[in-house]
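Provided below are the primary sequence and the corresponding predicted coordinates.
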Amino acid sequence: MESIIEYFKSLAHDFDTVFIAKDRYIQLLRGFTNTLKITAGALVIGVIIGVIVAAIRSSYDKNKETLKLKGGIGYIVLSILNGICKVYLTVIRGTPVVVQLMIAYFVIFVSVKDGVPIGIFAFGINSGAYVAEIFRGGIMSIDNGQFEAGRSLGFNYIQTMWHIVIPQMFKAVLPTLCNEFIALLKETSVAGYVGVIDLTKAGNSIAGVTYNYFLPLLTVALIYLVVVMILTSLVAQLERRLRRSDH
């Protein structure tokens, strides 16, 4: 019994040293805020890039033969854009995100001191490649009759994509997109490589100062776990609502 009491006293002392002394808990709050900023900003950039790349890739796949027979500048432009998108997807998906982050910080934006916007940019570019493939799969799953319906309404191809196909695609891929958001949240834990005080970096900094790695890193892990569990629960609810709306 006494040993248990002593253990909890020691744990309370360690907690006070790690989080309360010198207001070190504020570091964790700032780090968590930066993590959310990077994740949210990167998701917005990723969705924008994903829509553009997916639209180009799916348009090329669906209309390649028709445009090839017609020839002209439209086929050439679409082929060039599709080639650029394929190179982007190959490079981004074929290299580690931490390497992309370090290139952005130490090479491309070497004069920028604040790592948060660089993190948003780097993770956004990385996420865009994966979101693009999610969206492309969603667009390719839409029945060709939807395109014909758009033309019967007097829409051109771009208008059909924007008003008819993309809204349906978003509904189809929304659960998968939410899972990408969860994965992106966890991937931002490497932002500390470029000096960004994110949640993981804050926990590691506290551990380095206090020489106590158990409590800070355990707390960081628990925060990530709780956030992911909340997001997973929201995704599950969203999927149930989408299934009910289909009926």
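Nice, thanks for sending it over.

Pull the contacting residues for V209.
Contacts for V209 (Cβ atoms under 8 Å, 6 or more residues apart in numbering) come out as R24. Where you see a C-beta, it was placed from the backbone N, CA and C, and this is true even at glycine.

helices or strands up against the longest helix anywhere in the chain?
The residue-count maximum for a helix in the chain (DSSP state H) belongs to helix 25-70. Packed against helix 25-70, as judged by 3 or more Cβ pairs under 8 Å, 6 or more residues apart in numbering; DSSP states H and E, are the following elements: helix 73-94, helix 115-141, helix 166-187, helix 199-210, helix 214-246.

So which helix or strand of this structure has the lowest pLDDT on average?
helix 2-15 (a mean of 71; mean pLDDT, DSSP states H and E).

hmm, back to that, looking at the helices and strands packed on helix 25-70, which is nearest to G154?
helix 166-187 (17.9 Å; Cβ to Cβ).

Now find how far off-centre the closest one is within its chain.
Computed by Cα atoms, centre = their mean, to the nearest Å, the chain-centroid distance of helix 166-187 equals 9 Å.

Find the centremost residue of this protein, please.
When Cα atoms, centre = their mean is applied to the chain, the residue found nearest the centroid is L184 (3.8 Å).

So for that residue, what's the pLDDT?
pLDDT for L184: 92.

what sits against it?
Applying Cβ under 8 Å, 6+ apart, the residues near L184 are T39, A42, L43, G46, F123, S127.

what about 6 Å?
Listed by Cβ atoms under 6 Å, 6 or more residues apart in numbering, the contact set of L184 reads T39, A42, S127.

rewinding a little: could you pull up the mean pLDDT of the longest helix of the chain?
87.

Q146 - how many residues pack around it?
14 (other Cβ atoms under 10 Å).

mind listing what it touches?
Counting by Cβ under 6 Å, 6+ apart, Q146 has contacts I164, V165.

Okay, now the unreliable bits of the protein?
1-2, 7-8, 67-69, 71, 242, 245-247 (pLDDT under 70).

now do 90
By pLDDT under 90, the low-scoring segments of the chain are 1-25, 27, 51, 55, 58-79, 108-115, 135-182, 192-197, 206-215, 231-247.

What residues of the helix or strand harbouring L101 count as buried?
According to DSSP states H and E, L101 maps onto helix 97-103. Within helix 97-103, the residues scored as buried using 16 or more other Cβ atoms under 10 Å are V97, V98, Q100, L101.

got JSON lines for the helices and strands packed on helix 25-70, with distance to Y60 too?
Shown next, in JSON lines, are these (distance: least, Cβ to Cβ, whole Å):
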{"stretch": "helix 73-94", "distance to Y60": "4"}
{"stretch": "helix 115-141", "distance to Y60": "10"}
{"stretch": "helix 166-187", "distance to Y60": "16"}
{"stretch": "helix 199-210", "distance to Y60": "40"}
{"stretch": "helix 214-246", "distance to Y60": "29"}
